[in-house]
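1. Structure for the following, please:
(chains A, B and C)
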Amino acid sequence: MFEGLSLTTIVLFLPMVGLSILLFINPKQTENIKWTAFTTTIVTFLASLLMWVNFDPSNPALQMVHRFNWLNISVGGSVISSDYYVGVDGLSLLLVLLTTFIMPIAVLFSFGSDIFAERGREKLYYLFMLLLEWAMLGVFVVQDLIIFYIFWEVTLVPMYFLVGIWGGEQRIYAAVKFFLYTMAGSILMLIAILYVGNATGTFVLPDIITKVTAPDWTWQIEGVAASSDVTGSLLFLGFFLAFAIKVPIFPFHSWLPDAHVQAPTAGSVILAGVLLKLGTYGLVRFNLGIFPEESIAYAPIIGVLAVIGIIYGAWVSYAQTDVKKLVAYSSVSHLGFVVLGIFALNAQGIQGATLQMVNHGISTGGLFLLVGILYERYHTKDMAAYGGIWKVAPIFGGTALVISLSSMGLPGLNGFVGEFTILLGSLGSSVLGFFYTLFATLGVIMAAVYLLYMFQRVFMGEFKAPAHAHGHAHDAHGHSEEGFSLNLKWNEIAALVPIVIMVFWIGLQPAGFFNVMDKATNQLVQDIQTVQTRVEAERAETSAILTWESTVALVSTAQQGE
Amino acid sequence: MHNETYPQLVPLLIIIPAIGAFINMFWGAKLGERVSGYVGIAASLLSFIISVLIFSYLSAVHGAASVINAPLGLGSWIRMDSIGLNIPWQFRVDTITAVMLLVVTGVGSLIHIYARGYMHGDPKFGRFFAFLNLFLMFMLLLVTANNFLMMFVGWEGVGLCSYLLIGFWWDKRGATGWRNANAARKAVIVNRVGDFGLLLSMFLIFWTFGTFDYYKPGEVANVPYTLYTNGYITAEQAKKGDILAVNPAAESQAAETHGDAHGETHGAHSKPARETLDNSQFAPSRLGVFGQTEYLMSLPEGSPERVINVGGLELDFSVMLFLIVIFMLVGVTAKSAQIPLFVWLPDAMAGPTPVSALMHAATMVTAGVFLLIRANVFLDHAPEARAIIALVGALTALMGGYIGMGQWDVKRVLAYSTVSQLGFMVAAVGLGAYVAAMFHLVTHAIFKACLFLGSGSVIHGVEHGHHHVHAHAHGHGDDHHDAHDEEDSFDPQDMRNMGGLARRMPITYWTYIFATFALAGLFPFAGFWSKDEILADAWHLGFDKGNPIGYIVLGILLLAAAFTAFYMWRQVQMIFHGEPRSEAAANAPESTLWMTVPLMVLAFLSLVGGFINVPKGAPFHGMFKDYEFKHFLESAVPHVTVSPSLYFNWGLALGATFIAFAAIFFAHSIYAGNKAVRGTARRDPLEFVPSAKPIWLLANARMHWDNIYFAVIENPFNRIGKFLADVVDWRFLHDYFHDVVIKKGYDGVGTLLSKPFDKGIIDGAVNGVAWLFKQFSSSLRLVQTGYVRVYAVALLLGVVAVVVVMVLPLLQNG
Amino acid sequence: MNFAVPTEAFIMLSMVLFILGAMGVLLRRNAILIFMSVELMLNAANLALVAFARQWGQMNGQLFVFFVMTVAAAEVAVGLALIVAIFRNKRSINIDDLHQMEG
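-> Numbers count the residues shown, from 1 in each chain, chains lettered A, B, ... in the order given. From the prediction side, this is the model:
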């Protein structure tokens, strides 16, 4: 079990180590608790940096692998194996880094938060944070479908409690909705996983990919009547739906505003920063990896959903009065870009999408931090209550502007690099193309519309003090800018600074990040293109296009064959 | 330091203003007005010095371009090795860049100095200079970039600074602050619409050429010209574009010495080898975008290389080029304020006046024109797109001039004038007169900056006059910034509150007059030369080449020129002549030297600036080299032939001058003396002329552009947004769909399952089994008596039974 | 003098003793007497074991008897203690009074 122990396993289980230590601390010793939690996340972050150092970008394969057999299930004479198999390629590594980067920020930001004054149970809170980190890291590094599914579901639990215990007024509603909605999607994925395991004889992802990309692969298994095409499509959709709900892609997004608005700030940061990326990561890793043929076939439809999401999210965001909801809907728009990039199915699109996952984590995470800071002062999220904050807090206002601009995609900041490469990919894509890009680029305009409107309402105009400013005397007109200041706490500053640094770093020198994932993405794209060429050749050969009639015919012949 | 190292200083152009901005951003308030002003001005002046060095280098080497990578190993930006995508941080120094550098840093420095006086006493003084430096940085990035994407960083960066500076006074009390913030936001959003086009244009560029680089390092933009300047071919051969020809003189000279064929003084320059000058070292697909364009257009139509297949489109290269240029035009219409996206520029006047001068007149808004000139190779091969560009520019020029004559706000008049003049430049580009456009860009930057700064001086004076009066009337001399913030019906920018300022502010007056003459295009001011060259090119295109676009544009531009002279003279009359129409104007003081010195410099340049490009056969042409500016630009603008194509067109020049004079006289007859504003309602004299009244009112209402945009775009956008958010997303998807459809549906199925199915069958089965066990156990229970003896008997019987079972078989066998 | 009692005799005695003990357990009401009857049954079994051990010339039987005796001693100690405890509670050691286990 410890044979071949790799850095990946160490990073994965570091949060668990911290969690075990945390268990033995007296709940009343809040200082010890929060510092233990923070130290754990920082150590995990440093360990993940070590992974980055040890990573060889010129190698497209999984690295820092740790693998041993975990379980063999025998089904009807054949054995399906499931391994504990962890390792990172460029794609996973970036998301692991994102996770370990966001977590210390989220933990640090929670220090001395109002939520503990109201709801208490600090120990439980940090326990859930560490559990969440463990589960999220697990999703990104695990290469076995069964264990992936376990980690995938485990992420729900701490998030459910974080929203449900320390959330806003309608926290129970939001938590239950979040849980059920995501659960409903993952059930379908579980079925698909079991089928895939059954059909390929293994749950290990790289082995599955090797098998399914072979030219004569068929999804048809004994005892199932549906043809390979139909089965493949159903399996694809099973995975897709689970990920689409998590992302969320346009019609499945309605859990998001509830969860975001009700979640505590750190919860929102993690939700936007990392949890949503589980979905997009899944799309790249599983949908594109296992189902290249179906990905090509469904890309135009998913592309349409993505473009609708981009425009719809931005438009709805613009009309919000609740600042947190505005940021929440902006995620729908941003992740529309990511999905568009993924289903462009070329290197520009997928690399851009992956970088945009990181970017969105950083800038939207930053926006949620800003909203959280304001909420702790104003105790409202209604933008009408804010105003002129830039005047009393020039540096804070400037930071807010930088983060908004990064979210808006200003060149030189991180958001642009991702958005630009995604749109570049989508225009050159053989499955999407010009008109998708045309409409998606409208999102660039609309991002400016809602973000600047938000910025103006909150940070510009006449200064409005909080309705119950902290005991500062101010005159009847509310002109109390001398008496009130935001007084950022040290941990709030410490949480914002790394975000701003990353905003500039990725914006100005993204080459290093592209370099990390370059080879892995290229491998994926080449696999897809191989399949595409083959499928096109087959199509040209038989010219039998899958229609409704032919599907029915295929099903009936298969049934007769039994 | 040797000449050749000068272009290596280009990164400093970005770094120095960045440092200035950084210092002022964080310590501006602590440093105080003096130091923070000096930091800003120093950054700007240092950039100017570097620009001059670069310019001197380029004039010495006939504009041979250099490509410089970003220092400190920061050269790579967006890079994907596996597919060969590489967008570096890479600077290009060629003559177009050098001209822009001089304009940006030169005018920029003057405006920095001016702002030192203008912003005196503003609580956000440090931040203002930080933003100005930041702007300078982005603008220099824009003009020095060697690829479209890096240019776009500058393009968006200047937009950001525009946002910050237009909305600089967002914190003014009352509605003014909010209005300023709105104007800033409008600027960004309208520009984003333009970016939409520019982005699409860039995507198409990438998939057509596989690169964003203008030219690859070592690639030569204008091959015939470069060969000519290095003496490999003669001027005649270069004019024909015969790059394979051989210059007999050079051959013989080369045989004798390795000296320069031209006998230039900079002997240290050894002549580059011919192979490095004709791009033959590059495969066609490894060239930059412009080189590839030249190559592809040289292929016959229908050859497979010319078919561009991207994103579901399969187009001939020329069609693709048309699309690229048209989408680029969308970006240009926003940044350079052309129809239909000019609407942000008049509102942008909400910013402090130095900002209006620097960004919204001299430099930032010319970025679009710069881009088109930069892309002159594209444009030259897309004549249909150029026709559209020319018409857009010409119509904008006309419309700007027309609306300008109906405005009361001193800065708004100048804003529409800027729109109009940018229209001239864009029209010039559309005509293919890239050099004329660049020339007008330079002169316009000078005289429009002078006008804006002059108007700023006027506003400043009137404001001070107002406070002076105010303080006397109320008998307390409190600091005027309180009054600054005060909601006050007095508008220091309204020309109706001015008049007679010539006597109060003589320096401002005379500089203003100089710049007005330059703008109106009077001989021999700068504007005359540059505008005349545009008109001459239109003439040339129309009359000499028979292209109808030439006639149309010429006609429209002449009319626009008439409007220009008219509204400018109207403005001069209203501001400076006649009697003061308010107490404030009567008490306005002249501005300080911080402000007047830059004005005088600019006024002087407005007078002499035109002589850099005097055509052959024009007055003064003996004193200056003819077409010097054109020659300078030639190395970067391939489609300008080596020998000057046009002689000075006396007829056109006289005609245009006559039109300008006529318009000035006409304006003088209407507005001279105290006639400028009529009646107690303070209306324009034209309103009393029945035939002119509707025309003037339409101009005054700014042709209802804003109202139309509100009705057609903004209002529906807001309503649809509200509808989507409240009705579709929240009430339908969130509430109805979830709470009613899904939840009710779930509950319904749940009820169905729980009552008949679950209770009846599942529960029935389970309960039935339980009942059976209960019955059985209750009878079995009776066996349990609790008497040990009974149990013992049972035990014994059991033992006996076991023994019997075990023994019986033995007995049977036995 | 080779006088040997045949093994059958021991077995017969053992059977008689065992039946006596079993009857005592089943028929007596007094707990102490039942207890003594149990002892009787144990010793009957012991006798049979020793007899067989002698028959086959092996020590296993004898060895087993020692175990049984030890266990019996322990049983007596615990059993008597229980009887004393029951007597304290019930003031009786008649086992017919003890039927709380009735179902």
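
2. in stretch B:12-20, what counts as buried?
-> By 16 or more other C-beta atoms under 10 Å in any protein chain shown, the buried positions in stretch B:12-20 come out as B:12-14, B:16-20. In short, each C-beta sits where N, CA and C put it, glycine included.

3. Restricted to strands, list those.
-> Using DSSP state E, no member of the buried residues of stretch B:12-20 sits in strands.

4. Now distance to chain C too, for those, in a markdown table please.
-> As requested, the buried residues of stretch B:12-20 are arranged in a markdown table below (distance: C-beta to the nearest C-beta, whole Å):
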| residue | distance to chain C |
| --- | --- |
| B:Leu12 | 101 |
| B:Leu13 | 101 |
| B:Ile14 | 96 |
| B:Ile16 | 100 |
| B:Pro17 | 98 |
| B:Ala18 | 94 |
| B:Ile19 | 96 |
| B:Gly20 | 98 |
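
5. now the closest residue to B:Asp94 other than its chain neighbours: how far from chain A?
-> Among residues not flanking B:Asp94 along the chain, B:Ala65 sits closest, at 3.6 Å (C-beta to C-beta, 6 or more residues apart in numbering or on different chains). To chain A, B:Ala65 is 24 Å away according to C-beta to the nearest C-beta, to the nearest Å.

6. For B:Ala65, grab phi and psi.
-> Backbone torsions of B:Ala65, given as degrees, to the nearest 10, read phi -80, psi 150.

7. Any chance of the backbone angles for the nearest residue to A:Ser78 once chain neighbours are set aside?
-> Closest residue in space to A:Ser78, ignoring its immediate chain neighbours: A:Gly201 at 6.0 Å, by C-beta to C-beta, 6+ apart. Torsion angles at A:Gly201 (phi, psi; degrees, to the nearest 10) stand at phi 80, psi 10.

8. and A:Gly201, what is it in contact with?
-> Listed by C-beta atoms under 8 Å, 6 or more residues apart in numbering or on different chains, the contact set of A:Gly201 reads A:78-81.

9. any idea how far A:Leu127 is from whatever residue of the stretch 1-150 of chain A ends up closest to chain C?
-> Chain C sits closest to A:Phe24 of the stretch 1-150 of chain A, with a gap of 43.8 Å, by C-beta to the nearest C-beta. Plainly put, A:Phe24 is 12 Å away from A:Leu127 if you go by C-beta to C-beta, to the nearest Å.

10. Which one's more surrounded, these two?
-> The neighbour count for A:Phe24 versus A:Leu127, taken as other C-beta atoms under 10 Å in any protein chain shown, is higher for A:Leu127 (19 against 7).

11. and that one, helix, strand or coil?
-> helix (DSSP: H, G, I helix; E, B strand; the rest coil).

12. that older thread, okay, the contacts of A:Gly201 in CSV with neighbour count, secondary structure and distance to B:Phe290 next?
-> CSV is the format used below for the contacts of A:Gly201 (neighbours: other C-beta atoms under 10 Å in any protein chain shown; DSSP: H, G, I helix; E, B strand; the rest coil; distance: C-beta to C-beta, whole Å):
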residue, neighbour count, secondary structure, distance to B:Phe290
A:Ser78, 9, strand, 63
A:Val79, 10, strand, 63
A:Ile80, 19, strand, 59
A:Ser81, 18, strand, 58
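
13. quick one, helices of chain C?
-> Under the criterion DSSP state H, chain C contains helices at C:7-27, C:31-56, C:60-90.

14. Kindly report the same for the stretch 1-150 of chain A.
-> A:7-23, A:30-54, A:90-110, A:114-119, A:122-141, A:145-154 (DSSP state H, counting those that start in this stretch).

15. Can you spell out the domain ranges of chain B, please?
-> B:705-783, B:784-814 (automatic domain parsing).

16. Columns mean neighbour count on top of the ones you listed, output as JSON lines?
-> Shown next, in JSON lines, are the domains of chain B (neighbours: other C-beta atoms under 10 Å in any protein chain shown):
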{"stretch": "domain B:705-783", "mean neighbour count": "13"}
{"stretch": "domain B:784-814", "mean neighbour count": "11"}
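
17. picking that back up, just the helices of chain C: most buried one?
-> Mean neighbour count (mean count of other C-beta atoms under 10 Å in any protein chain shown) peaks for helix C:31-56 among the helices of chain C, with a mean of 18.

18. by contact count, what packs against it?
-> Here helix C:31-56 touches helix C:7-27, helix C:60-90, going by 3 or more C-beta pairs under 8 Å, 6 or more residues apart in numbering or on different chains; DSSP states H and E.

19. Could I get the ones you listed in a markdown table, plus columns for distance to chain B and mean pLDDT?
-> Below are the helices and strands packed on helix C:31-56 laid out as a markdown table (distance: least, C-beta to the nearest C-beta, whole Å; pLDDT from 0 to 100):
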| stretch | distance to chain B | mean pLDDT |
| --- | --- | --- |
| helix C:7-27 | 6 | 90 |
| helix C:60-90 | 12 | 90 |
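
20. Minimum distance to A:Phe45: which of the ones you listed has it?
-> Closest to A:Phe45 of these is helix C:60-90 (C-beta to C-beta; 64.9 Å).

21. For A:Gly372, which residues are in contact?
-> Residues counted as contacts of A:Gly372 (C-beta under 8 Å, 6+ apart) are A:109, A:265-266, A:268-269.

22. name the helices or strands packed onto the longest strand along chain A?
-> Secondary structure of chain A per DSSP E: the longest strand is strand A:63-75. Under the contact definition 3+ C-beta pairs under 8 Å, 6+ apart, strand A:63-75 sits against helix A:7-23, helix A:30-54, strand A:78-88.

23. repeat that with 7 Å
-> Where contact means 3 or more C-beta pairs under 7 Å, 6 or more residues apart in numbering or on different chains; DSSP states H and E, strand A:63-75 is packed against helix A:7-23, strand A:78-88.

24. Switch these over to CSV; also include distance to A:Leu145.
-> As requested, these are exported to CSV (distance: least, C-beta to C-beta, whole Å):
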stretch, distance to A:Leu145
helix A:7-23, 17
strand A:78-88, 8
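
25. Understood, closing this out.
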